[in-house]
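Asks: just the structure for this:
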Amino acid sequence: MELVEFIQYGYANSPRIRQIMDGVGVAPGSVTCEADLDGIPVTSKESLISGQAADLPFGGWLGVNPDALARIYASPGPIYDPEGQDQDFWRWVPALKAAGFTAAERVINTFSYHLTPAGFMFDSGLRALGCTVIPAGTGNKELQLTMIQQIEVSGFVGLPSYLMALIKDAEDQGLNFADSHNIDKALVTAEPLPGSLRHELEQRGIDTYQSYGTADLGCVAYECSAHSGMHINEGLILEVVDPNSGHKVALGEPGEIVVTLLNTTYPLLRFGTGDMGILTDDACTCGRGGKRIKEIIGRVGDAVKVRGLFVHPSQLDRALNEITDVDYYQALVTREDYKDKLILRIETRGTVPKSTMAAFIANKLRERLRLGVEVDLVTKDTINRQEPRFKDTRFWD
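Replies: Predicted structure coming up:
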């Protein structure tokens, strides 16, 4: 679908798109090229959440009858993500092909299949490509290693840190991963891939490719064999804009990644991902034309991605404010052996035994965030009030 057709369709079928365009006086016929998008405001993740809450379940963005959907997911926020009927609705096949995946391969998919869309995103892309999928999710690494070995799995999709954790577990058992397992390619996403970690994986014979996507948009960009940035995927328009004004920045300058999803099911118009990135149009040795994401450099706001999931300070505030014994807290994000850790330092009023309180908080946050946390209960006035409440101490080399 081309931009002109998309705008006409979105204006006619998505109440939210019509409301946004009418609100700034932009007529559908006046948007004929990418530059014309500059007059339309950016929709942030936060406004998507509030918009859905006010107009359940999709905030007026849906472009089809809800009965036509294949699946509906719930991502942290919460945000409801619709999936259409297309075989590769989330558009991961181009990324898989660029990473060397071919038909008839056996691939282990370690993204979650529970409520969030990541597991099915890759599952549908792999099946469309003709691969056999092992729907592993996370956890039970011992069984996963056994299956990888016995079924002769050749490909991996998931977090790069999770792949490294599998390798470390195998090596702790005295196995040489490269000799005892057949995985020779991996497509990873949802967290940074430091050069040191890529080197570790490639030392084990795994050709590792980075990709970039979101639960709302599916696959946005992906690496080719040159490993020199990520090519922008088909089916969308990607801009890098000033996060304050929403206007496009010059090529090579950092800004927020904003995507218009040329999709009839979920026609998102200038959706702000919250990620800061830099575009380049330097020629790529693979021969593909067009712009690439040179690098993703961080987040626009204060949300932090931990083990592939965004954690918003407001989520922690809401959860911990419900616990009367909590007096003050600080969240620390650290990284050890390529694995993220979310540590909650919490000052309590001492009315509940520490062991009971720590377990209760950990369980509550795991349920709320879908993420394991480490709870460190400390005495009153231990936490420095001058430090950020949400502190990311990770270093990406």
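Asks: from here on, just use CA atoms for contacts and neighbour counts.
Replies: Noted.
Asks: pull the contacting residues for residue 135.
Replies: The contact partners of residue 135, by Cα atoms under 8 Å, 6 or more residues apart in numbering, come to 108-110, 113, 119, 123.
Asks: show me where the stretch 101-250 of the chain has helices.
Replies: Under the criterion DSSP state H, counting those that start in this stretch, the stretch 101-250 of the chain carries helices at the ranges 118-129, 141-150, 160-172, 177-180, 195-203.
Asks: tell me how far stretch 60-76 lies from the chain's centre.
Replies: Computed by Cα atoms, centre = their mean, to the nearest Å, the chain-centroid distance of stretch 60-76 equals 19 Å.
Asks: now do that stretch: distance from first to last residue.
Replies: In terms of Cα to Cα, to the nearest Å, the two terminal residues of stretch 60-76 are separated by 19 Å.
Asks: need the contact partners of that stretch.
Replies: Where contact means Cα under 8 Å, 6+ apart, the residues beyond stretch 60-76 that reach it are 10, 13-17, 51-52, 80-85, 115-117, 215, 264-268, 309-310, 369-370.
Asks: buried among the residues you listed? Need that as a selection in PyMOL.
Replies: The following PyMOL command selects only the buried members of these, with burial defined by 16 or more other Cα atoms under 10 Å:
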select buried, resi 10+13+14+16+17+51+52+80+81+82+83+84+115+116+117+215+264+265+266+267+268+309+310+369
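Asks: I'd like to know which elements whichever strand or helix holds residue 358 is packed against.
Replies: In this structure, residue 358 is located in helix 354-369 according to DSSP states H and E. With contacts defined as 3 or more Cα pairs under 8 Å, 6 or more residues apart in numbering; DSSP states H and E, helix 354-369 has these neighbours: helix 313-321, strand 374-378.
Asks: CA atoms only: put the first one into CSV for me.
Replies: This points to helix 313-321. Backbone C-alpha positions of helix 313-321 (Å, rounded to 0.1, in the frame of the first residue of the first chain) are rendered in CSV as follows:
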residue,chain,number,x,y,z
PRO,A,313,8.3,4.2,36.4
SER,A,314,4.5,4.8,36.6
GLN,A,315,4.0,1.0,36.6
LEU,A,316,6.3,0.7,39.6
ASP,A,317,4.6,3.7,41.3
ARG,A,318,1.1,2.2,40.9
ALA,A,319,2.2,-1.2,42.1
LEU,A,320,4.2,-0.1,45.1
ASN,A,321,1.7,2.6,46.2
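Asks: which residues are in contact with residue 184?
Replies: By Cα under 8 Å, 6+ apart, the contact list for residue 184 reads 154-155, 205-207.
Asks: highest neighbour count among these?
Replies: residue 155 (26 neighbours; other Cα atoms under 10 Å).
Asks: which residues does the least confident helix or strand in the chain by mean pLDDT contact?
Replies: Across the helices and strands of the chain, the lowest-confidence element by mean pLDDT, DSSP states H and E is strand 309-311, at a mean of 76. Counting by Cα under 8 Å, 6+ apart, the neighbours of strand 309-311 from elsewhere in the structure are 76, 190, 303-305, 369, 371.
Asks: setting aside sequence neighbours, what's the nearest residue to residue 326?
Replies: Once flanking residues are discounted, residue 326 sits nearest to residue 348: 4.6 Å by Cα to Cα, 6 or more residues apart in numbering.
Asks: beta-bridge partners for the closest residue to residue 99 other than its chain neighbours, please?
Replies: Using Cα to Cα, 6+ apart and skipping residues adjacent in sequence, the residue nearest residue 99 is residue 209, 5.9 Å away. Applying DSSP bridges to residue 209 gives these bridge partners: residue 187.
Asks: quick thing: my sequence starts at 19, can you match it?
Replies: With 19 as the first residue, the last one maps to residue 227.
Asks: mind pulling up the pLDDT for residue 227?
Replies: In the predicted model, residue 227 carries a pLDDT score of 98.
Asks: list the contacts for it?
Replies: Contact criterion Cα under 8 Å, 6+ apart gives 117, 203-206, 240-243, 245 as the residues in contact with residue 227.
Asks: same thing but at 7 Å, please
Replies: Applying Cα atoms under 7 Å, 6 or more residues apart in numbering, one finds that residue 227 lies in contact with 117, 204-206, 241.
Asks: sorry, back to before: out of the helices of the stretch 119-268 of the chain, which is the most enclosed?
Replies: helix 136-147 (a mean of 22; mean count of other Cα atoms under 10 Å).
Asks: what sits up against that one?
Replies: For helix 136-147, contacts defined as Cα under 7 Å, 6+ apart pick out 105-106, 108-111, 120-121, 127, 129-131, 151, 233.
Asks: now with 6 Å, please.
Replies: Outside of helix 136-147, the residues that reach it under the criterion Cα atoms under 6 Å, 6 or more residues apart in numbering are 106, 108, 110-111, 121, 129-131.
Asks: then stretch 121-130?
Replies: Residues outside stretch 121-130 that contact it (Cα under 6 Å, 6+ apart): 136-137, 147-156, 171-176.
Asks: among those residues, which are in strands?
Replies: In strands, judged by DSSP state E, the following of these are found: 150-153, 173-176.
Asks: how about residue 93: which residues does it bridge to?
Replies: Checking residue 93 by DSSP bridges, which sets the bridge assignment, gives partners residue 97.
Asks: any idea how far it lies from residue 207?
Replies: Plainly put, residue 93 is 16 Å away from residue 207 if you go by Cα to Cα.
Asks: for residue 317, same thing?
Replies: Taking Cα to Cα as the criterion, residue 317 is separated from residue 207 by 16 Å.
Asks: ditto for residue 291
Replies: 15 Å.
Asks: run the chain-centre distance for stretch 193-206.
Replies: Counting by Cα atoms, centre = their mean, stretch 193-206 is centred 24 Å from the centre of its parent chain.
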